[in-house]
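Asks: Generate coordinates for the sequence data below:
(one chain, ligands or ions: 1)
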Amino acid sequence: MAYIEPAPIKDKENPFESMMFRFKIAAKHLGLNDEVYNVLKSPDKQVIVNLPITMDDGSIVVFEAYRVVHSNVLGPSKGGIRYDENVNLDEVKALAAWMTWKCAVVEIPFGGAKGGIRCNPRQMSAGEIERLTRAYTTAMLDIFGADTDIPAPDMGTGQREMAWLMDQYSRNKGFTSNGVVTGKPLVLGGSLGRMEATGRGVMISTLTAMEKLKINPYQSTCAVQGFGNVGSFAAQLLEERGVKVVSVSDVSGAYINENGINIEEAIRYRNENKGILDGFDGAEKIKGDEILTLPVDVLVPAALEDVITTYNADKIKARLIVEGANGPTSAKADDIITEKGIMVVPDILANAGGVTVSYFEWVQNRLGYKWTKERVNRRSDRIMRSSFDNVYKTALKYNVSMRIAAYIVAIDRVAQAYSYRGGF
Ligand code: NAD
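Replies: Got it, this is the predicted structure:
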């Protein structure tokens, strides 16, 4: 069995409180009234279910699963489903709220939600994961819906799980509903460009930030933590645009090559070796978390939450951090990073390319029409660039970090929509 890196030293922040910490700062800058603050600070709905699943050996194991709808003020709620052994309600609550802010930052008409099942998919067979996904879908039948709440993939899930979810939902409803979930395989109504969309948005955010910082991509270096959906596409697309990717990492460790890693080869190696880079000979292996403090221009954390913490923030040498993952920087580390003059393109902006193309997928499903990849990429690139510019201008206007500016933009939009719609 491959060596698995120990977990990083964390700030042990409750992820929901960490989200609220930034929310409060932005709300203060906006002069948000108490009424709207109280509505937005808590999720609309939190569902916890226990799913008894028959395992391949005949035993029955009960899995705890969640769906949290944070807000549907701007439209049906949208958010991925995570399969991971550390999933818990506070994490799902934070991720659901981040989805509300993320959709609002890029101005797409969705609210925010998130789901998760506490399980270790790496130790489960395809049959066990399928039964678990179908049980989860059945338990959430009253919540999911193309007009109400639309799931998508997140850590530990992909198009295979989304296909099962769509099928199970459709069987229960008695008609085929492909708009109920995004991130599906192409033949089931998936969108061209969806698979690479989050990594592509990370690439666009990186290049736009480099323009502001006057960094020439062709003379720059980059390190990417996480080599899954987000990290590997981000690395590949950055490499294509001239950035030298000197280090990548995954759960097995970090890999460094000062001449630049051949990302295509690394992806091929990963695909042929159970999804991890262990044994990859195109780079030298170093300790996993060393990737965060390498002397590079750009750091792209694209794996887990809470990896940039008070324990390592002052050692970071990158001039630009582009958050591919959700919540990679702890709230306590924010000030250290800002004081060091590092620009951070925050998660709710940097990784919004995924939800943007998910929205395009949903639009195509509703239209019963398929867009070309060029149209998908052109439109999502445009949204990513204009959202970046808007957040950048807001940061200058309020004299705040890009993170707080992104929250200001998002909360302002949701608050405005709420004040038009009103309460009971
Ligand atoms: P994934 O499961 O495809 O990949 C996760 C990667 O992280 C894998 O390479 C894994 O080996 C690596 N990893 C796990 N533990 C690690 C550790 N301790 N150190 C270094 N690497 C480690 O997941 P993904 O879809 O790429 O998601 C990654 C992050 O991006 C998550 O925070 C997710 O919420 C966020 N995100 C994903 C999407 C999307 O469209 N997939 C969209 C927005 C945000």
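
Asks: Stretch 71-78 and the ligand, are they touching?
Replies: No. Against the ligand, stretch 71-78 shows no contacts by C-beta under 6 Å from any ligand atom, the least distance being 11.2 Å. For every residue, glycine as well, the C-beta is placed using N, CA and C.

Asks: And the strands in the chain?
Replies: Ranges of strands in the chain, per DSSP state E, are 45-54, 60-71, 77-84, 111-118, 149-153, 221-225, 244-250, 253-256, 284-286, 298-301, 320-322, 343-345.

Asks: Can you add distance to Met210 and mean neighbour count and give these back as CSV?
Replies: As requested, the strands of the chain are exported to CSV (distance: least, C-beta to C-beta, whole Å; neighbours: other C-beta atoms under 10 Å):
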stretch, distance to Met210, mean neighbour count
strand 45-54, 40, 14
strand 60-71, 32, 21
strand 77-84, 28, 27
strand 111-118, 29, 28
strand 149-153, 28, 26
strand 221-225, 10, 26
strand 244-250, 13, 25
strand 253-256, 22, 22
strand 284-286, 25, 15
strand 298-301, 8, 29
strand 320-322, 7, 27
strand 343-345, 10, 25
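
Asks: and whichever residue of the stretch 101-250 of the chain sits closest to the ligand, what does it touch?
Replies: Going by C-beta to the nearest ligand atom, the ligand is nearest to Gly228 of the stretch 101-250 of the chain, at 1.7 Å. Counting by C-beta atoms under 8 Å, 6 or more residues apart in numbering, Gly228 makes contact with 155, 250, 275, 302-303.

Asks: With mean pLDDT as added columns, please give the strands of the chain in a markdown table.
Replies: Converted to a markdown table, the strands of the chain look like this (pLDDT from 0 to 100):
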| stretch | mean pLDDT |
| --- | --- |
| strand 45-54 | 98 |
| strand 60-71 | 98 |
| strand 77-84 | 97 |
| strand 111-118 | 98 |
| strand 149-153 | 96 |
| strand 221-225 | 98 |
| strand 244-250 | 98 |
| strand 253-256 | 98 |
| strand 284-286 | 97 |
| strand 298-301 | 98 |
| strand 320-322 | 98 |
| strand 343-345 | 98 |
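
Asks: what residue ranges in the chain score low on pLDDT?
Replies: The chain contains residues with pLDDT under 70 at 1-8.

Asks: Could you rerun that using 80?
Replies: For the chain, the stretches with pLDDT under 80 are 1-13.

Asks: and it, which residues reach the ligand?
Replies: Residues of the chain lying near the ligand by C-beta under 6 Å from any ligand atom: 5, 153-156, 198, 225-231, 249-251, 276, 288, 302-304, 324-326, 351, 354.

Asks: could you pull out the helices for the stretch 1-150 of the chain?
Replies: For the stretch 1-150 of the chain, the helices defined by DSSP state H, counting those that start in this stretch cover 15-30, 34-41, 89-105, 126-139.

Asks: which of the ones you listed is buried the deepest?
Replies: helix 89-105 (a mean of 26; mean count of other C-beta atoms under 10 Å).

Asks: helices or strands next to that one in the packing?
Replies: helix 15-30, strand 45-54, strand 60-71, strand 77-84, strand 111-118, helix 347-350, helix 353-367, helix 402-421 (3 or more C-beta pairs under 8 Å, 6 or more residues apart in numbering; DSSP states H and E).

Asks: send the alpha carbons of the shortest one over as CSV?
Replies: Coordinates of the C-alpha atoms in helix 347-350 are reproduced here as CSV (Å, rounded to 0.1, in the frame of the first residue of the first chain):
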residue,chain,number,x,y,z
ASP,A,347,-11.6,30.4,-2.9
ILE,A,348,-15.1,31.9,-3.5
LEU,A,349,-13.6,33.7,-6.5
ALA,A,350,-10.7,31.5,-7.7
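
Asks: List the contacts of that helix.
Replies: 98, 101-102, 105-106, 201-202, 205, 322-328, 387-388, 391, 402, 406-407, 410.

Asks: The helix ranked longest in the chain to helix 15-30, inter-axis angle?
Replies: The longest helix of the chain (DSSP state H) is helix 373-398. Between helix 373-398 and helix 15-30, the angle comes out at 60 degrees (axes from the mean of the first three to the mean of the last three C-alpha atoms, to 10 degrees).

Asks: Minimum distance to Lys173: which of the helices of the stretch 1-150 of the chain has it?
Replies: With respect to Lys173, and counting by C-beta to C-beta, the nearest of the helices of the stretch 1-150 of the chain is helix 126-139 at 10.8 Å.

Asks: how far is the closest one from where the chain is centred?
Replies: Centre-to-centre, helix 126-139 and its host chain are 22 Å apart (C-alpha atoms, centre = their mean, to the nearest Å).

Asks: Which residues does it contact?
Replies: Outside helix 126-139, the residues touching it (C-beta under 8 Å, 6+ apart) are 49, 51-56, 63, 65, 81, 83, 115, 117, 119, 121, 124, 144, 160-161, 164-165, 168-169, 172.

Asks: ditto for stretch 10-20
Replies: By C-beta under 8 Å, 6+ apart, the surrounding residues in contact with stretch 10-20 are 41, 90-91, 93-95, 97-98, 305-307, 309-311, 327, 330-333.

Asks: Looking at the helices of the stretch 1-150 of the chain, which is nearest to Val363?
Replies: Counting by C-beta to C-beta, Val363 lies closest to helix 89-105 out of the helices of the stretch 1-150 of the chain; the figure is 13.7 Å.

Asks: thinking in terms of the whole chain, how far from its middle is that closest one?
Replies: Using C-alpha atoms, centre = their mean, the offset of helix 89-105 from its chain centre is 10 Å.

Asks: same thing with stretch 349-363?
Replies: 10 Å.

Asks: can you pull the buried residues of that stretch?
Replies: By neighbour count on 16 or more other C-beta atoms under 10 Å, the buried set for stretch 349-363 is 349-362.

Asks: and these as TSV, adding distance to Thr138?
Replies: Putting these into TSV (distance: C-beta to C-beta, whole Å) gives the following:
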residue	distance to Thr138
Leu349	35
Ala350	35
Asn351	30
Ala352	30
Gly353	31
Gly354	26
Val355	25
Thr356	30
Val357	28
Ser358	23
Tyr359	26
Phe360	28
Glu361	23
Trp362	22
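
Asks: Tell me which two in those residues are the farthest apart.
Replies: Using C-beta to C-beta, the pair of these lying farthest apart is Ala350 and Trp362, separated by 21.6 Å.
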